[in-house]
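Trainee: take this sequence and fold it.
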Amino acid sequence: MCLSIPGKLIEITSQLDETFRLGKVSFDGIIKEVSLTLVPEANVGDYVLVHVGAAISTINEEEAKKTFDILKQLGELQDLEAP
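Mentor: Take a look at the predicted model:
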């Protein structure tokens, strides 16, 4: 099954132009760098849905937290852990 995981955009780390950006996203304290190319509207502090290293959409905070909690309860967050 393919899942996207909600996280909070905490920093823009690289920006070639308005479209091609990278940022750090926090998933309940686990920080990953992701592509922000598909969400040019995302700003620091926004919640984004991340799938295979790319933010694919923005989401409101309440929905992000509910979704993350459900994924945690289902044990579906193994991809966030270091190998």
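Trainee: for Leu9, the count of nearby residues, please.
Mentor: Leu9 has 23 neighbours, counted by other Cβ atoms under 10 Å. Placement of C-beta: from N, CA and C, glycine included.
Trainee: just the C-alphas of whichever strand or helix holds Thr13, formatted as CSV.
Mentor: Using DSSP states H and E, the secondary-structure element containing Thr13 is strand 5-15. Extracted in CSV, the C-alpha atoms of strand 5-15 (Å, rounded to 0.1, in the frame of the first residue of the first chain):
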residue,chain,number,x,y,z
ILE,A,5,2.7,10.9,5.8
PRO,A,6,1.8,14.3,7.2
GLY,A,7,4.6,16.4,8.6
LYS,A,8,5.3,20.1,9.5
LEU,A,9,7.6,22.1,7.2
ILE,A,10,10.1,23.6,9.5
GLU,A,11,12.7,25.0,7.2
ILE,A,12,13.4,25.8,3.5
THR,A,13,16.9,24.4,3.0
SER,A,14,17.5,25.1,-0.7
GLN,A,15,15.8,27.1,-3.4
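Trainee: hang on, Glu66 in a strand?
Mentor: If you look again at residue 66, you'll see it is Lys, not Glu. No. Going by DSSP: H, G, I helix; E, B strand; the rest coil, the assignment for Lys66 is helix, not a strand.
Trainee: re earlier: buried sites along the strand holding Thr13?
Mentor: Going by neighbour count (16 or more other Cβ atoms under 10 Å), the buried part of strand 5-15 is 5-9.
Trainee: which residues touch Ile12?
Mentor: The contact partners of Ile12, by Cβ atoms under 8 Å, 6 or more residues apart in numbering, come to 21-23, 36, 44.
Trainee: closest to Ser57 out of those?
Mentor: Leu36 (11.3 Å; Cβ to Cβ).
Trainee: how many neighbouring residues does that closest one have?
Mentor: For Leu36, using other Cβ under 10 Å, the count is 26.
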